[in-house]
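Colleague: Here is a sequence together with a model predicted from it:
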Amino acid sequence: MRFQSKTGEVSETQYAPIRLPSDFPVSHVDVNIRGEVPDIPPHIHDCLELGYCYSGDGLFLVEDKILPFRAGNAVIINNREVHVMMSSPGGKTHWAFLNLDPAALLAGYVTEREERLETASFCGNRFPNVISEAEYPELVQPVREIIETRVREPAGFSSEIRSLVWLLLVRLHRAFHFETQSSPPPGVSRLMPALHHIARHIDRPVEIPRLAALCSTSESNFRKLFHRSFGCAPKVYLGRMRLKSAAVMLETGSLPVLEIALRCGYQSLSNFNRQFHACYGVSPSAFRAARKS
């Protein structure tokens, strides 16, 4: 569900608790269109979030993961990961989200000892969060049906949603069977103001002192925290985000390569081509041609 964001730069991650009805703990659907500048800062909920992308493309930042998305993808985020979403530079995305408490929803319908009620393991570096329709249609379909059934609310919708949620959980555990993940390093949450700033200014120069100040720490400590949490320097992370954003735009859009380079923060086409080739092994034009063929 949507909540009011702060104005200007954020200084901390927002905790966004969701009030769910006790008799049917599934929120109403939040249907919205979002632009390249995230209007909601990094946040974390106290329940499971499901989303479906109807149009557009961009990136989800979930803890230390940079996850491209496109139309037809679903997103699944539990209560253990801070996240924020941005569309591709210059674009807009059309999403539908809802929140739910699966264990409470299925209480009395599924035995308490059923291990597939557990959702705490759906996080960490091994869980992708953004689910591709091409790779996992059996997961994307029930997410979309849950959302659209909640919007329409036909006769018997509550029973239908319960059955779809149970189907989704069974299939999720089949596809991603992990031990329950430990809590993410505390440094990640502390660095979310910097990640939000980077997401809002992907097309402009980003200065390390500014990022450190947003996280209320010194520049040297910021660099240490960042490397400890993400395994790389801030500039390397920024470069990865820009290149992933460019790759999404090349694959799904028709903008000229130069325009994409500029929108992703590259002032030189030659530098963009060089960095892209180093990351993906081909030029931007060849990457686009291969994806379109």
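Modeller: That came through, no problem.
Colleague: contacts and neighbour counts: CA atoms only from here.
Modeller: Fine.
Colleague: Can you verify Phe97 is assigned to a strand?
Modeller: Yes: assessed with DSSP: H, G, I helix; E, B strand; the rest coil, Phe97 lies in a strand.
Colleague: Enumerate every residue touching Ser158.
Modeller: Neighbouring residues of Ser158 by Cα atoms under 8 Å, 6 or more residues apart in numbering: Phe24.
Colleague: mind checking the SS state of it?
Modeller: Assigned by three-state DSSP, the conformation of Ser158 is helix.
Colleague: Give me the pLDDT for it.
Modeller: In the prediction, the pLDDT value recorded for Ser158 is 96.
Colleague: Distance-wise, check it relative to Asn99.
Modeller: Ser158 is 15 Å from Asn99, where distance means Cα to Cα, to the nearest Å.
Colleague: How about His196?
Modeller: According to Cα to Cα, His196 stands 22 Å off from Asn99.
Colleague: same question, Lys92
Modeller: Lys92 is 22 Å from Asn99, by Cα to Cα.
Colleague: do Cys53 as well
Modeller: From Cys53 across to Asn99, the span is 15 Å (Cα to Cα).
Colleague: Going by neighbour count, list what's buried in the helix or strand where Phe272 lies.
Modeller: Take DSSP states H and E as the rule and Phe272 turns out to sit in helix 269-280. Buried residues in helix 269-280, defined by neighbour count with 16 or more other Cα atoms under 10 Å: 272-273, 275-276.
Colleague: Just the mean pLDDT for that helix, thanks.
Modeller: On average, helix 269-280 scores 94.
Colleague: Okay, domains of this structure per the record?
Modeller: By the assignment in automatic domain parsing, the chain contains the domains 14-175, 186-292.
Colleague: thinking again about what came up before, what would the buried residues of helix 269-280 look like in JSON lines with distance to Met241?
Modeller: Converted to JSON lines, those look like this (distance: Cα to Cα, whole Å):
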{"residue": "Phe272", "distance to Met241": "13"}
{"residue": "Asn273", "distance to Met241": "15"}
{"residue": "Gln275", "distance to Met241": "12"}
{"residue": "Phe276", "distance to Met241": "12"}
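Colleague: Great, nothing more from me.
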